[in-house]
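K.L.:
Below are the sequence and a predicted model; questions follow.
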Amino acid sequence: MMLNVHDVSYQYGEKAVLQNITFTVEQGQFFGILGPNGSGKTTLLKLLSRELSLQKGTITLNAVPLASFSSKELARLVAVLPQSADSAFGYTVKETVELGRYAHQTGLFPTWTEEDEQAVAEALEQVGMAHKEQETIDRLSGGERQRVYLARALAQKPSLLFLDEPTNHMDIAQQIKLLDQLKKWTEENQLTVVAIFHDMNLASLYCDRLLLLHEGKMAGLGEPSDMIEEKQLETVFQASVRRQAHPVVSKPLLTFVPQTYSDTRQQNDSLSALTIAQDGEQIVITTPQPFKVLSSAVVGAGFQWATHFVNRHVPKHYRCDDPETEMKQYLQSHSFAVHRTIGMMTAVYLEDAVWIKSSEEEVPLFVMVTAGVGNAVDAAKAWEKRETAEGIGTINVFIFIDGQLNETAFVQAMMTTTEAKVKALYDAHVLDPETHTLATGTSTDCIAIASSQTGRLFEYAGTATPLGKAIGRFVYEATTEALRKYKKRRGDGK
Ligand SMILES: Nc1ncnc2c1ncn2[C@@H]1O[C@H](COP(=O)(O)OP(=O)(O)OP(=O)(O)O)[C@@H](O)[C@H]1O
């Protein structure tokens, strides 16, 4: 069933609530309508289901004007789950769902057929309420009631389903279950769904296309990934929005920034608040306020907020099939909150760690490096190597920045750090022991870029930028010094 809406406007008395709305929903599509309270979503849905009569514009179903369908014809094609379904108190669950079959009853004295019975049973099954079919509606929870009303709409066996906030009152597990089910029906049975959503992430995850309404006007129409733009949503919803990639699904994920957030994070010179504790077993850097971190660490890789940064000494012959789990156990046994800790390992002597803090006038930066290169690798020749060399070999780099970094700056900081580290290895003439070519790192190197996310904004960290220049310089200097200490301890001083 294809739905076409062209230039539709509507007003209650003098009050214009919809203006020039135009969109098409193809058969089998899951179409979402989003917008703040009062933006006209319910009014639009009421016009689509003919609960309100059209004042201006056209609405067609499979190219036939909506107005030309008889009520009975329309009821066979279209089912509606309204925002607040009329509570049929006293009715049982099954009786409520049976009401959905009235559209299919014919003649003066309609008879209840096997088909009707089956449609009701199926609908109850689909929403997971079959086991409560004899329960009265008033004894159900809000979420269960919502599922029964949905079953009533489904029992109609519609081609087009209009839903006003279908997951209202449902817990998150039920929401996902229901939307998964609806999505499956659109795909398998070519059911067309038009639904109002309040949760933009759910809408984006499940809908093929979205219409964004703002004060009765179209503020956007398209696929979720093209439509959910931070600036656009901030204007429409009057809230601070951040857009990221969903970790699994190829859809955007939105997060809202609390208004109070900026007020609670006014702190200058977060680097002075860092404390360093060192013994032979570990170096622990602690910050009272969480830093946002991008790292390749054993524990806490990817983006994470962290308050503890652990560089742990392990024996030279440490071997483990699952170092991440082992490291997490280590952190737990040392009373660290694993989800707030960045954990790296090294067989290098921790006394040889090098740290540098930039001076006042430069970009506020703190760098710590431990370096061992017994395991050095030339990345360009790694494919030729037969086995990983045994040896003390890891370069761990921790960088703390007093400032705000966006994702671009984080990624560029990683690149700049890697380049500076490679240059330090090059200048120290470190060779891959197997290929005898210049090494670019070791097979287990880790980098953590940690930013206070307060104060100065850094949008870039490439080598042409102030932050990139500082990172390049201090990572190079710290790595060079750490390599010198490592060589000295090994006694080859070269
Ligand atoms: N029957 C009515 N008479 C007069 N004004 C109405 C009527 N129904 C809705 N309105 C007004 O029309 C505007 C749009 O309402 P509508 O219910 O369509 O918005 P909505 O986007 O669905 O909001 P919500 O997210 O709160 O459900 C609102 O300002 C509302 O007050």
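P.N.:
Cool, the structure landed.
K.L.:
By proximity to the ligand, which residue of the stretch 201-350 of the chain wins?
P.N.:
Nearest to the ligand, among the residues of the stretch 201-350 of the chain, is residue 213, at 6.5 Å (CB to the nearest ligand atom). To be clear about C-beta, it is placed using only N, CA and C from the backbone, and glycine gets the same treatment.
K.L.:
you'd agree that residue is in a strand?
P.N.:
Yes: under DSSP: H, G, I helix; E, B strand; the rest coil, residue 213 falls within a strand.
K.L.:
Contact partners for it?
P.N.:
21, 33, 34, 35, 39, 40, 41, 44, 219 (CB atoms under 8 Å, 6 or more residues apart in numbering).
K.L.:
Chain neighbours aside, what residue packs nearest to it?
P.N.:
Closest residue in space to residue 213, ignoring its immediate chain neighbours: residue 35 at 3.4 Å, by CB to CB, 6 or more residues apart in numbering.
K.L.:
ok, now residue 440?
P.N.:
Residue 440 sits nearest to residue 379 (CB to CB, 6+ apart), 4.4 Å away.
K.L.:
just checking, the one you found touches residue 442?
P.N.:
No: between residue 379 and residue 442 there is no contact under CB atoms under 8 Å: 10.4 Å.
K.L.:
These two: who's more crowded?
P.N.:
Set residue 379 next to residue 442 and count neighbours by other CB atoms under 10 Å: residue 442 wins out with 26 against 13.
K.L.:
Okay, the more buried one and residue 345: tell me how far apart.
P.N.:
12 Å (CB to CB, to the nearest Å).
K.L.:
and for the two, which residues touch both?
P.N.:
Residues touching both residue 442 and residue 345 (CB under 8 Å, 6+ apart): residue 394.
K.L.:
pull the CA atoms of the helix or strand harbouring residue 447 into CSV?
P.N.:
Using DSSP states H and E, the element containing residue 447 is strand 446-451. This file holds the C-alpha atoms of strand 446-451, laid out as CSV (Å, rounded to 0.1, in the frame of the first residue of the first chain):
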residue,chain,number,x,y,z
CYS,A,446,50.1,0.9,22.8
ILE,A,447,49.1,4.5,22.7
ALA,A,448,46.6,6.4,24.9
ILE,A,449,45.5,9.9,24.1
ALA,A,450,43.7,11.4,27.1
SER,A,451,42.0,14.7,27.1
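K.L.:
How far away from the center of its chain is it?
P.N.:
21 Å (CA atoms, centre = their mean, to the nearest Å).
K.L.:
name the helices or strands packed onto that strand?
P.N.:
strand 282-295, strand 302-313, strand 341-346, strand 395-401, strand 404-405, helix 407-427 (3 or more CB pairs under 8 Å, 6 or more residues apart in numbering; DSSP states H and E).
K.L.:
which residues are contacting it?
P.N.:
Contacts to strand 446-451, defined as CB under 8 Å, 6+ apart, come from residues 291-298, 300, 306, 309, 342, 344, 394-401, 403-405, 410, 413-414, 417-418, 421, 458.
K.L.:
Tell me the helix or strand right after the lowest-mean-pLDDT helix or strand in the chain.
P.N.:
Ranked by mean pLDDT, DSSP states H and E, the weakest helix or strand in the chain is helix 261-264, scoring a mean of 57. Next helix or strand after helix 261-264 toward the C-terminus (DSSP H and E): strand 275-278.
K.L.:
How far does that next one sit from its chain's centre?
P.N.:
Centroid separation for strand 275-278 versus its chain: 34 Å, with CA atoms, centre = their mean.
K.L.:
switch to numbering from 22
P.N.:
Understood, numbering begins at 22; the last thing we discussed is strand 296-299.
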